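**Q** whatever this is, show me its structure:
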Amino acid sequence: MGKGEELTTTKYLIHAQITANGIVEKPDVVGAVFGQTEGLLSNDLDLRELQRTGRIGRIQVNIHSNSGRAKGEIVIPSSLDRVETAILAASLETINRVGPCEAEIRTTKVEDVRAVKREQVVNRAKEIYKKMVESVGPTSMRMIEEVREAMRVHEISEYGEDRLPAGPSIHTSDAIIVVEGRSDVLNLLKYGIKNTVAVEGVSVPRSIGELSKKRTTTAFVDGDRGGELILKELLQIGDVDYITRAPKGKEVEDLEKDEVLVALRDKVPTAQFLATTNILNDSNSNHNSKKDNHNNRHHRKHQKYNRNEKPQAVKEPEPEIEDDEVSLMKDMLKEFEGTGCGAILDEALNMTKEVEVENIYEEIKNIDGTADTVIFDGVISQRLVDVASEKGINKLVAFKSMNIVKKPHDVKLITID
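**A** You can find the predicted model right below:
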């Protein structure tokens, strides 16, 4: 490689293997490279001119002889661009004689010097960073954690007349997370979750109940008996959309980041949660049993006085017949299938505007007129239902709906499925 004087501007290194049917020396190889490529390429790629102007470096040859044959390696530093370097590397393979001997040269690789340097930089940076981390002692780590904790405490805000601990986004976020205490809010702040509010005790404040009716609300409680009690209270006075819990026996304030993210990812709609648990049945079991006994006595008494009456035939429910309007809407929807588009219609089902599905929320939000129906090639979400209700839209028509928890009575949802 030499002493590196030509590597200051080198971009590539051309590596080639040479074999000769006889004994040859380094000057023979260098002479053959210059001589047999001369005039082969354009003047811009003449090796002598390129070396004179410093665009290629000194040709390095490492050759040795054995049993009357010579083998070795040729290395040519190049500061040409990628295409010119490739042409130059290919031209070496046209050489078929070195001195008095037949020879063959085969280019083995073109090495990107800058890539090697970048790898060296990365490896060295890793070493430096490792030393920096190792140099931070326990005392320094405690200081860093104290500063971070102070910043998290500074970020905590308050909500309502009860001055409940809350994240800084509680006043502006469309979705909120209700947790048990201040420590839970702090722990979630540590992981960048800022739309939380704490109930601060088993008795859930009325302000939380009112807030849950205005926002999309997720209850995130501890995985113990206390968490169940708070959840029962919250379900009675509030409007909870989703429920999730810490792993059994754990508290939200003690969860690691991955546990928090998994819990929030696995939240389920309230109706689904109640269908799979008996959390509300415990408090109502006695009341329900008394009510059942009363109903049974009433049923037996009713049977006694109607023993002689003929049993009436049970009328089979008639199958629901799809009305003409719904059929028409579904037929119109099929015209948008696969287009990624939709339309805003007036009461007479005339198209007032064609919209892109990716902008459907903003389009509905900006409706200013007598729009009646929005039909589009997509999925109806809770967010779309809410904004449609706000803007007075009567019908949303799409291929399917998903996770609709709050369904306003004034918006009709029509889907294919």
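**Q** what strand or helix carries L186?
**A** helix 182-190 (DSSP states H and E).
**Q** show me what that helix is packed up against.
**A** Here helix 182-190 touches helix 138-155, strand 164-166, strand 175-179, strand 196-198, helix 257-265, going by 3 or more C-beta pairs under 8 Å, 6 or more residues apart in numbering; DSSP states H and E. C-beta coordinates here come from the backbone N, C-alpha and C atoms, glycine included.
**Q** C-terminal to the helix or strand bottoming out on mean pLDDT in the chain, what's the next element?
**A** Every helix and strand of the chain was ranked by mean pLDDT, DSSP states H and E. The lowest is helix 281-305, at a mean of 46. Counting by DSSP H and E, the next helix or strand C-terminal to helix 281-305 is helix 324-334.
**Q** give me the helices and strands touching that following helix, please.
**A** strand 373-376, strand 395-398, strand 412-415.
**Q** adjacent strands (with direction) for the last one?
**A** Strand pairing for strand 412-415, using DSSP bridges, gives strand 395-398 (parallel).
**Q** and the partner strand, what's its mean pLDDT?
**A** For strand 395-398, the mean per-residue pLDDT is 91.
**Q** direction included, what does whichever helix or strand comes after that strand pair up with?
**A** Sequence order places strand 400-401 as the next helix or strand after strand 395-398, per DSSP H and E. Each strand paired with strand 400-401, and its direction, by DSSP bridges: strand 379-380 (parallel).
**Q** what does the strand it pairs with rub up against?
**A** 396, 398-402, 404, 413, 415 (C-beta atoms under 8 Å, 6 or more residues apart in numbering).
**Q** go with 10 Å
**A** 357, 360, 374, 388, 396-404, 411, 413-415 (C-beta atoms under 10 Å, 6 or more residues apart in numbering).
**Q** immediately after it, which helix or strand?
**A** helix 382-390.
**Q** by contact count, what packs against that following helix?
**A** strand 216-221, helix 360-365, strand 373-376, strand 395-398, strand 400-401, strand 412-415 (3 or more C-beta pairs under 10 Å, 6 or more residues apart in numbering; DSSP states H and E).
**Q** nearest to R82, out of the ones you listed?
**A** Among the helices and strands packed on helix 382-390, helix 360-365 comes nearest to R82, with 45.6 Å by C-beta to C-beta.
**Q** tabulate the CA atom coordinates of that closest one in PDB.
**A** The C-alpha trace of helix 360-365 is given here as PDB (Å, rounded to 0.1, in the frame of the first residue of the first chain):
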ATOM      1  CA  ILE A 360     -62.000  12.000   5.100                       C
ATOM      2  CA  TYR A 361     -61.800  13.100   8.700                       C
ATOM      3  CA  GLU A 362     -60.700  16.700   7.700                       C
ATOM      4  CA  GLU A 363     -63.200  16.800   4.900                       C
ATOM      5  CA  ILE A 364     -66.100  16.000   7.300                       C
ATOM      6  CA  LYS A 365     -64.700  18.400   9.900                       C
END
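**Q** just give me how far that helix sits from the chain centre.
**A** 23 Å (C-alpha atoms, centre = their mean, to the nearest Å).
**Q** in that helix, which residues are buried?
**A** 360, 363-364 (16 or more other C-beta atoms under 10 Å).
**Q** show me what it is packed up against.
**A** Using 3+ C-beta pairs under 10 Å, 6+ apart, helix 360-365 is in contact with strand 341-345, strand 351-356, strand 373-376, helix 382-390, strand 395-398.
**Q** and the longest strand for the chain?
**A** In the chain, taking DSSP state E as the definition, the longest strand is strand 101-112.
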